[in-house]
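K.L.:
when you get a sec, could you give me coordinates for this:
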Amino acid sequence: MQDLYIYVAKDVASDCLKYGIKLSEFENRVIQLSDSNKRGIQAFLSPKDSPLYLDENFECLRVKTKGLTAVVFNKICENTDLIDKFVTDIEKYKIGDYEIPEAIICSSILSDNLSLYNKIIDKPLLVQNSREFYYEKCINEIIETDMFSKYELYQTLLILGDQKGVLNVEKHKNVKIYTDPISKKSYTKRSN
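P.N.:
Numbers count the residues shown, from 1 in each chain. Here you go, the predicted structure:
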């Protein structure tokens, strides 16, 4: 992973870009592990992973990870006895391994490693939203392993579409027709 993203108050962003970020001044995150605590600066794998993405009072800074000490953890396991199994060094983390990945930068950040993230024009992001990427990756893995047949997945999606009300359902003798009201595409399913 080449980049992480951190949010700083607008009034200190230019100083951060000029002088870097001292860990002792900007430490804002602690996770408790069974044998120790990890302390550092909260960071995200994608700018949109943060609730501060749309907050006008904060600037997003891109941090080059080369030479930094950082860990990635699954926020869903925070404050549970599972957290030790879901913390990894940034060099070992594979994108999509955790449902809600968050990072902690455990070292100061030199100004050379920082740049202002531009929401409109910036280098392309590998992942727009870490949680959605995780779900997509897991779904693809499940499909590839053939744990469920394509028929079972098809049936399940039709039932879910009916329950959520996103598909219109018509019953005709032993067949149900599920129609997407937007695309007008119809799907068939034998009914009992």
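K.L.:
poorly predicted segments of this structure, please.
P.N.:
Within the chain, the ranges that satisfy pLDDT under 70 run 122, 192.
K.L.:
from the chain's centre, how far out does stretch 134-150 sit?
P.N.:
The chain centroid and the centroid of stretch 134-150 are separated by 18 Å under CA atoms, centre = their mean, to the nearest Å.
K.L.:
same check on stretch 59-72?
P.N.:
Worked out by CA atoms, centre = their mean, stretch 59-72 lies 16 Å from the chain centre.
K.L.:
again, but for stretch 112-126
P.N.:
17 Å.
K.L.:
give me the contacts around it.
P.N.:
Outside of stretch 112-126, the residues within contact range by CB atoms under 8 Å, 6 or more residues apart in numbering are 5, 13, 16-17, 20-21, 46-47, 59-68, 95. No exception for glycine: its C-beta is placed from N, CA and C like everyone else's.
K.L.:
among those residues, which are located in strands?
P.N.:
Y5, E59, C60, L61, R62, V63, K64 (DSSP state E).
K.L.:
in this protein, which spans are strands?
P.N.:
3-9, 29-32, 37-43, 58-64, 70-74, 87-89, 101-105, 114-116, 168-172, 175-179, 186-190.
K.L.:
the first one vs strand 37-43, what angle?
P.N.:
Put plainly, it is strand 3-9. 80 degrees (axes from the mean of the first three to the mean of the last three CA atoms, to 10 degrees).
K.L.:
what comes up buried for strand 3-9?
P.N.:
If you call a residue buried by 16 or more other CB atoms under 10 Å, then strand 3-9 has these buried ones: D3, L4, Y5, I6, Y7, V8.
K.L.:
same question, stretch 37-50
P.N.:
For stretch 37-50, by 16+ other CB under 10 Å, it's K38, G40, I41, Q42, A43, F44, L45, S46, P47, K48, D49, S50.
K.L.:
and the residue nearest the centre of the chain, what does it touch?
P.N.:
Centroid check for the chain by CA atoms, centre = their mean gives S130 as the closest residue, at 1.8 Å. By CB under 8 Å, 6+ apart, S130 lies in contact with F44, L45, S46, D49, I95, G96, Y98, I100, P101.
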